[in-house]
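Q: Sequence first, then the predicted structure, then my questions.
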Amino acid sequence: MRVIYSVAKLTTGTLYYFGYLKKVMINIICYTQKGLTHKDIKKAGKTLVIPDRWLYKRYLSYSDMCHSDYRRGVGMGENQHQIAIRNNSYEISVPEGDQDTLYFWLKNYLEHAVTTAESSRKVQVRDLLLFIRFAEKEGAPMRPMWTPRLSRAFIDFLRTTLRSGGQRYWADRTINRILAHVKTFAKWIHKLAPFPLGNPMGNIRLIGVGENLDIERAFSDGERRRLLDAADLLPSVWGKSRDRRRNKNTEPVARPRRKYARPWRNRAMMYTLIETGMRRGALVNINVSDIDWDRHLIITVEKGGYSHSYSISDQGLKAIQDYLTNEREVNKGAGLTALFLPASTIRNSSGRLTPLVVNQVWNEVCTLAQVSGKTPHSARHAMGKHIIEKTGNIAAVQRQLGHRNVAYSVQYARVSNKELRDVLNNRS
């Protein structure tokens, strides 16, 4: 059984084990009662080189060092000190025979090499499991069986898999994201345990997708009207009790509303999405103080961390005002600044909604409006198409939607497939 050591980059407050050097480099963020003093650390700078046997005795056990997200206090006499260890370097025992599976490498890859946020980590796990399950179906679940041909077969699988309606299951951009994760995974494995035929993803290139936007997903004017009509129904139908025993002889509309129901908030959220074209993340970032009532503007933090001002229609602003009057002022908590608040019945709430809640509200309103296949981002595409149809001004699209790159705004000037078919079919 071979033992392989890996080297990680140094970051503040992180301890790393270098097996081939038999030493430990540590960025000190604290000092201990025994051994080093604060003055010693200040003289030496941030980085010190300490023999590993000395470290084992005075600081942490080897099992503690191998833990990817270790954070705890280490007792040194009377004082308690904390050493933060994240993505520390590690040693991996490469299994032999039937144990050398891609699942084994995925487990160690996630434990030792992945340092992204939890949301990004979930996407990586999903993409890598997709590849590993494909490899299993192809009869290649073991690491030595991963070859360049298997990688190319996986790409063909991604590009040719169709939904029940005949549409491709994965768009080119999604395929590129999956391939990027698989390429990084393969490179990491190859560095520790080389593949027999070389890095199987080494010569794989991502698909050229340019800067095209999927504007085909924009909803029509009729769908917009149905969505807004459904949103207007929310104060009368949303969140009514479903207890048939207690409300046996009561019409659904007359039933009491559940405590956590927020119909006016959900109505205002739908109007804000449709009448501005902002993203879900920007919607949940809006504060009450961010609304300029006189100029009909909403200032919020957009993707990338920058602020952007969205213009909003009169009816969109009226929906927000109705929410503030009928619901938010009654249910608001002390010190909460977000415009759209979670229900007060939710414990341990951060005081701000998440994009997942926006998705849930959108989907339920779409069901009520009998609109299918549309997402909150469809409202953004619809706003871009509406502006270009009414003004023909690409700068107006860029100003409203906040595109840093004008190439994205230009996409809304494209003719959709349906529009092209209508033009061809209307020839005399």
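A: All right, it came through fine. Residues are numbered from 1 along each chain as shown.
Q: what separates the host helix or strand of Gln315 from the chain centre, distance-wise?
A: Element membership for Gln315, per DSSP states H and E: helix 314-323. How far helix 314-323 lies from its chain's middle: 29 Å, per CA atoms, centre = their mean, to the nearest Å.
Q: same question, stretch 144-164
A: With CA atoms, centre = their mean as the basis, stretch 144-164 stands 25 Å off its chain's centre.
Q: Next: stretch 395-411.
A: Worked out by CA atoms, centre = their mean, stretch 395-411 lies 23 Å from the chain centre.
Q: just stretch 97-110 next, same as before
A: Worked out by CA atoms, centre = their mean, stretch 97-110 lies 26 Å from the chain centre.
Q: May I see the buried residues of the helix holding Gln315?
A: Gly316, Leu317, Ala319, Ile320, Asp322, Tyr323 (16 or more other CB atoms under 10 Å). (Each C-beta comes from the backbone N, C-alpha and C, glycine too.)
Q: Quick check: the gap between the fourth one and Ala338.
A: If I follow you right, that is Ile320. According to CB to CB, to the nearest Å, Ile320 stands 13 Å off from Ala338.
Q: same thing with the first one?
A: Distance, Gly316 to Ala338, using CB to CB: 18 Å.
Q: What residues sit buried inside stretch 379-396?
A: Buried, per 16+ other CB under 10 Å, within stretch 379-396: Ala379, Arg380, His381, Ala382, Met383, Gly384, Lys385, His386, Ile387, Ile388, Ile394, Ala396.
Q: Next, the first one: phi, psi?
A: In terms of degrees, to the nearest 10, the main-chain angles of Ala379 are phi -60, psi -30.
Q: re the thing from before, as a markdown table, the buried residues of stretch 379-396 with secondary structure and pLDDT would be great.
A: Formatted as a markdown table, the buried residues of stretch 379-396 follow (DSSP: H, G, I helix; E, B strand; the rest coil; pLDDT from 0 to 100):
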| residue | secondary structure | pLDDT |
| --- | --- | --- |
| Ala379 | helix | 95 |
| Arg380 | helix | 94 |
| His381 | helix | 92 |
| Ala382 | helix | 93 |
| Met383 | helix | 94 |
| Gly384 | helix | 92 |
| Lys385 | helix | 91 |
| His386 | helix | 92 |
| Ile387 | helix | 93 |
| Ile388 | helix | 90 |
| Ile394 | helix | 91 |
| Ala396 | helix | 92 |
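Q: you'd agree Ala396 is up against Ile387?
A: Yes. Proximity of Ala396 to Ile387 meets the contact threshold set by CB atoms under 8 Å, at 5.2 Å.
Q: Tell me how this structure divides into domains.
A: Using automatic domain parsing, the domain parsing of the chain gives 2-91, 96-192, 215-421.
Q: Which helix or strand contains the most centrally placed residue in the chain?
A: What sits nearest the mean C-alpha location of the chain, by CA atoms, centre = their mean, is Ser119, with 4.9 Å. Assigned by DSSP H and E, Ser119 falls within helix 118-137.
Q: buried sites along the helix or strand following that helix?
A: Where DSSP H and E defines the elements, the next helix or strand beyond helix 118-137 is helix 148-160. In terms of neighbour count (16+ other CB under 10 Å), helix 148-160 has its buried residues at Pro148, Leu150, Ser151, Phe154, Ile155, Phe157, Leu158.
Q: just stretch 185-203 next, same as before
A: Buried residues in stretch 185-203 (16+ other CB under 10 Å): Phe185, Ala186, Trp188, Ile189, His190, Leu192, Ala193, Phe195, Asn199, Pro200, Met201.
Q: Also stretch 342-349?
A: Within stretch 342-349, the residues that count as buried by 16+ other CB under 10 Å are Pro342.
Q: got it, and stretch 350-369?
A: Arg352, Leu353, Val357, Val358, Val361, Trp362, Val365, Cys366, Leu368, Ala369.
Q: Mind listing residues that contact it?
A: Applying CB atoms under 8 Å, 6 or more residues apart in numbering, the contact partners of stretch 350-369 are 223, 226-227, 229-231, 233-234, 237, 266, 269-270, 273, 280-281, 283-285, 333, 336-338, 340-342, 372, 374-376.
Q: quick one: Thr375 and Gly97, what's the gap?
A: As defined by CB to CB, Thr375 lies at a distance of 47 Å from Gly97.
Q: of the two, who's got more company?
A: Counted by other CB atoms under 10 Å, Thr375 and Gly97 do not tie: Thr375 has more neighbours, with 15 against 6.
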